[in-house]
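>>> For reference, the sequence and a predicted model appear below.
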Amino acid sequence: MRKMFRYDQGRFLKHSPNSRATTKEGALAAIIMTYHVVEKGLTMPDMRLGFGREMILGLVESLNEFADKYGTSEAQFIEAVRVIAEYKKIHEEASFELDEVRSRVISALLSRVPVEPSSQIEMTRERYWAELDAPFEAFSASRHSVRNFAGTVSLEQIRSAVALANNAPSACNRQYVRVHCVSDREKIRECLALQNGNRGFGHLADKLLILTADLRSVWGVERNDIFTNAGIYLMNLCYALHKNKVAHCMLNWSTPPLSDKKLRKLLPISEAETVVVFIACGDVPEKFKLASSPRKSVEETLVLH
Ligand SMILES: Cc1cc2nc3c(=O)[nH]c(=O)nc-3n(C[C@H](O)[C@H](O)[C@H](O)COP(=O)(O)O)c2cc1C
């Protein structure tokens, strides 16, 4: 067992961007993570004009460094520049003056890489739920992470989503995931205070789901399978929530051990269950915005051998 964990640890330490090695993949991943935060900011319920000054400056700097080293043709690099262009456009349209440094570096980047601004998705409640009975392609394309909630969802909706999600396959059919559902608003607030990706919308969630996987069902070499099995279940659950008109946003549980311990003081989750992810849930408002989160192409994703 120790050997296996050491092998995993060695590979992680060698290849993750935490290591000193700088790679194109790592640089691009950092760019995508940051532009996604800007994208999310542009869709927030009460978008604060001028938000994210340091983040924008950092992103522009990373984009220039990336362009110097690897050129400007990567699709996700271009998307990041498009998001910067949208950020500029939104502030111009609102007649909000960005400070001199920010305006200057943004303009220089846009002269270096001329692009059309991206456009976050304007949505209505009616349109968001319009494809629930559509063929899988349209149904799947209609699910998005929702970061703006209004109104409540019932325990019946959650129960029927979990019943549907239970169709998910699992290794040897062991089905060792659990969905903890938190309804108490104060408890939800306390749990979300331990998570780092819900600022600006978490307080609107009506229910919080916490997906766990039980270590008591997993043997040695299967050490990573809890996340495979939970991941398969998670996607099925998201589709099932969508089908049951529960708008939702997955929230990472990539937290230090102290937060994990604090969570277990707030809720009676067995020590043997690994917390995999949170899901903030609610109903959607009449009008709201969705982050466009464009995908890589099939050519970038599919590797033929
Ligand atoms: C494991 C996981 C963790 C996530 N964590 C967060 C988070 O902390 N905050 C957030 O706003 N979105 C989070 N998301 C949502 C992603 O940003 C989103 O799924 C992605 O941008 C694709 O957009 P879509 O869900 O609208 O298709 C997470 C998604 C996954 C799968």
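Right, received. Where do you want to start?
>>> for the stretch 1-150 of the chain, what spans make up the helices?
For the stretch 1-150 of the chain, the helices defined by DSSP state H, counting those that start in this stretch cover 2-15, 24-43, 53-70, 75-93, 100-112, 125-128, 136-142.
>>> Looking at the ones you listed, spot the one closest to the ligand.
For the ligand, the closest of these is helix 24-43, at 5.6 Å, according to CB to the nearest ligand atom. Every residue, glycine included, has its C-beta placed from N, CA and C.
>>> Please point out which parts of that closest one sit buried.
Judged by neighbour count using 16 or more other CB atoms under 10 Å, the buried positions of helix 24-43 are 27-28, 30-32, 34-35, 37-43.
>>> Stretch 127-134 too?
Neighbour-count burial for stretch 127-134, counted by 16+ other CB under 10 Å, picks out 128, 131.
>>> now that we're looking at Lys296, which residues does it contact?
Residues in contact with Lys296 (CB atoms under 8 Å, 6 or more residues apart in numbering) are 75-76.
>>> Tally up the residues packed near Leu263, please.
Using other CB atoms under 10 Å, Leu263 is surrounded by 19 other residues.
>>> now swap in the one 5 residues further on and tell me
The burial metric for Pro268, expressed as a neighbour count using other CB under 10 Å, is 7.
>>> Tell me the pLDDT of it.
In this model, Pro268 is scored at 97, pLDDT.
>>> One more: Ile84?
Note on Ile84: pLDDT of 98.
>>> For it, give me its contacts.
If you count contacts by CB under 8 Å, 6+ apart, Ile84 has them with 35, 38, 56, 59-60, 63, 106, 109-110.
>>> Taking the stretch 51-200 of the chain, what residue is nearest to the ligand?
For the stretch 51-200 of the chain, CB to the nearest ligand atom, closest residue to the ligand: Gly197, 2.1 Å.
>>> Give me the spatial nearest neighbour of that residue, chain neighbours excluded.
Nearest non-adjacent residue to Gly197, counting by CB to CB, 6 or more residues apart in numbering: Leu251, 5.3 Å away.
>>> what does the chain put close to the ligand?
By CB under 6 Å from any ligand atom, the residues of the chain that approach the ligand are 36, 40, 144-145, 147, 197, 249-252, 277, 293.
>>> Who wins on neighbours among the residues you listed?
Arg147 (26 neighbours).
>>> now the buried residues of helix 24-43 as CSV including pLDDT?
Below are the buried residues of helix 24-43 laid out as CSV (pLDDT from 0 to 100):
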residue, pLDDT
Ala27, 94
Leu28, 95
Ala30, 94
Ile31, 96
Ile32, 96
Thr34, 96
Tyr35, 97
Val37, 96
Val38, 97
Glu39, 96
Lys40, 96
Gly41, 96
Leu42, 96
Thr43, 96
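>>> which two in those are spaced the farthest apart?
Ala27 and Thr43 (25.3 Å; CB to CB).
>>> Can you list the buried residues in the helix or strand that contains Ala230?
If you go by DSSP states H and E, Ala230 is part of helix 225-243. Under the neighbour-count criterion of 16+ other CB under 10 Å, helix 225-243 has 225-226, 229-234, 236-243 buried.
>>> what does stretch 134-143 give?
Applying a neighbour-count criterion of 16+ other CB under 10 Å, the buried positions in stretch 134-143 are Arg143.
>>> How far does that stretch sit from its chain's centre?
19 Å (CA atoms, centre = their mean, to the nearest Å).
>>> then that stretch to PDB, C-alphas only?
What follows is stretch 134-143 as a C-alpha-only set of coordinates in PDB (Å, rounded to 0.1, in the frame of the first residue of the first chain):
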ATOM      1  CA  ALA A 134     -35.300  16.800 -25.600                       C
ATOM      2  CA  PRO A 135     -33.000  14.200 -27.100                       C
ATOM      3  CA  PHE A 136     -29.800  13.700 -25.100                       C
ATOM      4  CA  GLU A 137     -27.600  16.100 -27.200                       C
ATOM      5  CA  ALA A 138     -30.000  19.000 -26.600                       C
ATOM      6  CA  PHE A 139     -30.700  18.000 -23.000                       C
ATOM      7  CA  SER A 140     -27.000  17.700 -22.200                       C
ATOM      8  CA  ALA A 141     -26.200  21.000 -23.800                       C
ATOM      9  CA  SER A 142     -28.900  22.700 -21.800                       C
ATOM     10  CA  ARG A 143     -27.300  21.900 -18.400                       C
END
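>>> average pLDDT for it?
For stretch 134-143, mean pLDDT is 98.
>>> Show me the contact partners of it.
Residues contacting stretch 134-143 (CB under 8 Å, 6+ apart): 128, 130-133, 238-239, 242-243.
>>> what about 6 Å?
Stretch 134-143 is contacted from outside by 131, 242, using CB atoms under 6 Å, 6 or more residues apart in numbering.
>>> Contact partners for Gln120?
Gln120 neighbours (CB under 6 Å, 6+ apart): 42-43, 289, 291-292.
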